[in-house]
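Q: Pasting the sequence and the predicted model now:
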Amino acid sequence: LHRPSGGPGTAGLASPQARLNRHRHRHRHLTPPSLLNTGERARHTGTTDANAQSSRSHSVFRMIIESSKIGPSKTAARKNSTVTRTSTLSLVDLAGSESARLANTSGDRQKEGSFINKSLLTLAHVIWKLSDPKTDKSTHIPYRDSKLARMLQQSLGGNAQIALVCTVTLASDCVEETIN
């Protein structure tokens with residue numbers, strides 16, 4: 001599915017705007033923390049034998065920050081111009097990979113786990129292709145094989161700085177899943 005803007009999307013995707021203008025008046029109901037809380041409340045969770053509150057979906061919070069400065073132009077043709085800088089902050093919480101055997105899932109929970117694992121595998125494949133020294137501009141990067149990879153395309157393949165925080169279990173029966 002795609003949003004009208006042409007970007008990737010999914011069912012139930014929301015794109016509200018929170019603005020902070022130069023006078024520092026904030027719309028109280030659309031602050032970044034309130035938007036994060038709204039998204040967290042909508043996140044799908046379920047119970048498995050491996051986790052009492054297992055994430056059954058990924059969560060992507062993207063904040064587009066625009067900063068404008070009006071000032072003298074460096075070109076003589078324009079006396080004053082507006083310079084706008086745009087940055088994107090993406091906070092991504094991935095649902096963890098899971099073993100159907102360890103989670104003891106069946107039916108809908110097993111299907112969800114399968115979709116989660118497929119999405120994570122596709123994202124790993126995209127990252128592997130991007131980090132492979134043999135990859136050049138003609139190499140196909142399979143962003144479109146997953147909604148998640150497509151949504152993160154700008155962050156993964158563009159001019160971006162990435163920080164990664166992993167939370168993993170130290171349980172010996174989960175070593176294989178943790179390493180994956």
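A: Yep, that arrived. Numbering: from 1, shown residues only.
Q: Which helix in the chain has the most residues?
A: In the chain, with assignment by DSSP state H, the single longest helix is helix 107-131.
Q: Name the residues of it that come out as buried.
A: For helix 107-131, a neighbour-count test (16 or more other C-beta atoms under 10 Å) marks Arg109, Glu112, Gly113, Ile116, Asn117, Ser119, Leu120, Thr122, Leu123, Val126, Ile127, Lys129 as buried. Just so you know, the C-beta spots here come from the backbone N, C-alpha and C atoms, and that holds for glycine as well.
Q: I'd say the last one and Thr135 touch.
A: Think Lys129. Yes: when contacts are counted by C-beta atoms under 8 Å, Lys129 is listed as touching Thr135 (5.6 Å).
Q: Tell me the predicted confidence for Arg24.
A: Looking at Arg24, its pLDDT is 49.
Q: ok, now Leu156?
A: 89.
Q: which residues of the chain fall in helices?
A: 32-42, 100-103, 107-131, 147-151, 153-157, 175-179.
Q: mind checking how far the longest helix of the chain is from the chain centre?
A: In terms of C-alpha atoms, centre = their mean, to the nearest Å, the centre of helix 107-131 is set 14 Å apart from its chain centre.
Q: just stretch 40-56 next, same as before
A: Relative to the centre of its chain, stretch 40-56 is centred 18 Å away, using C-alpha atoms, centre = their mean.
Q: Contact partners for Asp173?
A: Going by C-beta atoms under 8 Å, 6 or more residues apart in numbering, Asp173 touches Leu102.
Q: Can you tell me how far the closest residue to Met63 other than its chain neighbours is from Gln110?
A: In space, Met63 comes closest to Leu89 once its chain neighbours are excluded; the distance is 4.5 Å by C-beta to C-beta, 6 or more residues apart in numbering. Distance of Leu89 to Gln110, computed by C-beta to C-beta, to the nearest Å: 34 Å.
Q: and if you look at Thr86?
A: 42 Å.
Q: for Ser67, same thing?
A: As judged by C-beta to C-beta, Ser67 and Gln110 stand 46 Å apart.
Q: Below-threshold pLDDT in this structure: ranges please.
A: 1-29, 71-80, 180 (pLDDT under 70).
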